[in-house]
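Participant: Kindly generate the corresponding structure for this input.
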Amino acid sequence: MERRIRLRRSVDFERVRQEGRAWSHPLLVLVAAPNPVGLTRIGVVAGRRLGTAVARNRAKRLLREAARHLYPRLAPGWDLVLIARPPILTVKEPQVEAALEQLAREAGLLQTQEEVR
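Facilitator: Purely as a prediction, here's the structure:
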């Protein structure tokens with residue numbers, strides 16, 4: 001993902017966790033909060049309970065790739081934090097993409113085809 005659309009500062013992650021609303025799936029948790037930037041920014045988190053650094057990095061790669069595919073359809077003006085859950089290590093990328101799309105739809109973050117253009 002491009003640098004400008006990533007959440008990088010811990011202050012931003014904290015704000016999203018404090019002010020945002022969360023939706024969960026067995027593979028991941030989506031936390032979303034509106035932002036004043038006008039872009040949708042995405043941050044990815046994989047805690048130590050996932051396992052070794054190799055496992056955490058794989059989970060983050062899966063989440064970033066799923067977010068990259070879904071990004072053009074996301075509504076602008078949101079900060080999203082994606083939190084990996086342990087079962088994410090047992091699935092492939094298409095399942096992660098489907099889970100993220102389902103959560104984004106539940107959260108009302110997906111644009112219709114007319115809005116995307």
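Participant: Might you report the residue contacts of Gly108?
Facilitator: For Gly108, the contact set (CB atoms under 8 Å, 6 or more residues apart in numbering) comprises Ala75. In short, each C-beta sits where N, CA and C put it, glycine included.
Participant: tell me the pLDDT at it?
Facilitator: Note for Gly108: predicted pLDDT of 95.
Participant: State the distance from it to Val54.
Facilitator: According to CB to CB, to the nearest Å, Gly108 and Val54 sit 35 Å apart.
Participant: where do the helices sit along this structure?
Facilitator: For the chain, the helices defined by DSSP state H cover 10-19, 53-70, 93-107, 113-116.
Participant: Need the ones you listed in CSV (columns: distance to Asp79 and mean neighbour count).
Facilitator: Below are those laid out as CSV (distance: least, CB to CB, whole Å; neighbours: other CB atoms under 10 Å):
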stretch, distance to Asp79, mean neighbour count
helix 10-19, 5, 14
helix 53-70, 12, 18
helix 93-107, 12, 17
helix 113-116, 19, 8
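Participant: Indicate which one of the ones you listed is closest to Val31.
Facilitator: Closest of the helices of the chain to Val31 is helix 10-19, at 5.5 Å (criterion: CB to CB).
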